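1. need coordinates for the following:
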Amino acid sequence: MNYSSSQQLVIGLDALGTAVRSLATTSATKVVAYVSSRGKFFTVLVFEAKENPRVAKEWIRLGSDEEVRRVGASEVVRALSSLLEAEGYRKLSGPMLWDLAPDHVTEMDGAPATVFDVLFSEII
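-> I've put the predicted structure just below:
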């Protein structure tokens, strides 16, 4: 098994937008900053908790930070973005993350890889 091509900074928020200690119990939203190890790139995605009887908690991606407005999430997105940009990272966001990356396939199943897959998800 290969490692992910990114590091992740994860912050959980409760329904009021306050940061929580544990994603497993009290968080309703999580904000994830993916920092690529393939270049000085990052993206920030927001996820919402969905109850699922088969798993403790299922996370549904809501979209890029421009598409999502959750209580507290926009402030966290701005803070993470400012921090990473100050360190010289370039933010990638929006629909282009889900565009296919020419001449790349995923390692696991050989499916066409997206820009997100190549820069932030898996080694391909």
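2. other SSEs contacting the longest strand along the chain?
-> Using DSSP state E, we find that the single longest strand of the chain is strand 41-52. Applying 3 or more Cβ pairs under 8 Å, 6 or more residues apart in numbering; DSSP states H and E, one finds that strand 41-52 contacts strand 29-36, strand 55-64, helix 73-86, strand 90-91. (Each C-beta comes from the backbone N, C-alpha and C, glycine too.)
3. now stretch 89-96 - C-alpha only, CSV.
-> Coordinates of each C-alpha in stretch 89-96 appear next as CSV, following Å, rounded to 0.1, in the frame of the first residue of the first chain:
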residue,chain,number,x,y,z
TYR,A,89,1.5,27.4,-1.2
ARG,A,90,-0.9,28.0,-4.1
LYS,A,91,-4.6,27.3,-3.5
LEU,A,92,-6.5,25.1,-6.1
SER,A,93,-10.2,25.1,-5.8
GLY,A,94,-13.5,24.7,-7.6
PRO,A,95,-14.6,22.3,-10.3
MET,A,96,-11.1,22.0,-11.8
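4. tell me the buried residues in the longest strand of the chain?
-> Using 16 or more other Cβ atoms under 10 Å as the test for burial, strand 41-52 gives F41, F42, T43, V44, L45, V46, F47, E48, A49.
5. among those, which has the minimum pLDDT value?
-> Lowest pLDDT within those is found at A49 (84).
6. related to what we said a few turns ago, specify the angle between the longest strand of the chain and helix 73-86 in degrees.
-> With axes from the mean of the first three to the mean of the last three Cα atoms, to 10 degrees defining the directions, strand 41-52 sits at 150 degrees from helix 73-86.
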